[in-house]
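A.B. asks: Show me how the following folds:
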Amino acid sequence: MDISELKQFTKPLLMPLLAYIYYRADKSKTHKSVFIALLFAWLGDIFLMFSGQNFFLLGLSAFLIGHLTYSYIFSQNSKFRLIGLPPITAYALMFSILILQDAIPSEMRIPVYIYIGAISLMTFMASTRIAKPESYGLVLSGSVLFMLSDSIIALDVFMHKVAHAPVWVMSTYGLGQFLIIMGLVEENEPA
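C.D. replies: Numbers count the residues shown, from 1 in each chain. You can find the predicted model right below:
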């Protein structure tokens, strides 16, 4: 079994597995919004298994809803802190304008820029959470890895093929999602 066959088999299993882990962690404190975020991530995974611009846009849309749902979850226990805004904004602007501007087909620029804004918002909201240090660090690290995963996808799709992109993408994405879920589980653990 080569890496692409392995990815086709394992990718659709990742989000249901994380939903199960979250559900089993503490049934009394589970947030339905977490399951919504994971559902849309799962749909995004499924759509991106197919080729073509329409499937790409469907996947982008599903992940966009997932990112906005995570942003909502993170905002439930947050305090606006400017500290995370400059580096996240700088990264989003640099990546979307300086790196991808000329590489993205014109008809896809607006959806891609909206998506970059949504994942940047998610990561910023993760940085504003008021949580136990372990929970805070896990969720923020997971959000940053998720952003890195999407950056690798964008480079691979719009600029040039990234060596071993599927391995890098699934590693950063899978670990990122896992860290977010474990951070949310940790948030619900008694002090």
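
A.B. asks: where does the nearest residue to residue 68 once chain neighbours are set aside land on pLDDT?
C.D. replies: Nearest-residue entry for residue 68: residue 118, 5.8 Å, with adjacent residues in sequence omitted and distances by C-beta to C-beta, 6 or more residues apart in numbering. All C-beta atoms are positioned from the backbone trio N, CA, C, and that covers glycine. Looking at residue 118, its pLDDT reads 92.

A.B. asks: I'd like to know how many residues surround residue 118.
C.D. replies: 20 (other C-beta atoms under 10 Å).

A.B. asks: residues contacting it?
C.D. replies: By C-beta atoms under 8 Å, 6 or more residues apart in numbering, the residues touching residue 118 are 64, 67-68, 71.

A.B. asks: Show me the residues you listed that map onto helices.
C.D. replies: If you go by DSSP state H, the contacts of residue 118 have 64, 67-68, 71 in helices.

A.B. asks: Which of the helices or strands spans the residue nearest to residue 68?
C.D. replies: Using DSSP states H and E, residue 118 sits in helix 106-127.

A.B. asks: Can you spell out which helices and strands pack onto the helix or strand just after that helix?
C.D. replies: Of the helices and strands lying after helix 106-127 in sequence (DSSP H and E), the nearest is helix 133-154. Contact here means 3 or more C-beta pairs under 8 Å, 6 or more residues apart in numbering; DSSP states H and E; on that basis helix 133-154 packs against helix 53-75, helix 106-127, helix 165-188.

A.B. asks: Can you add distance to residue 32 and give those back as CSV?
C.D. replies: Output for these, formatted as CSV (distance: least, C-beta to C-beta, whole Å):
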stretch, distance to residue 32
helix 53-75, 10
helix 106-127, 18
helix 165-188, 12
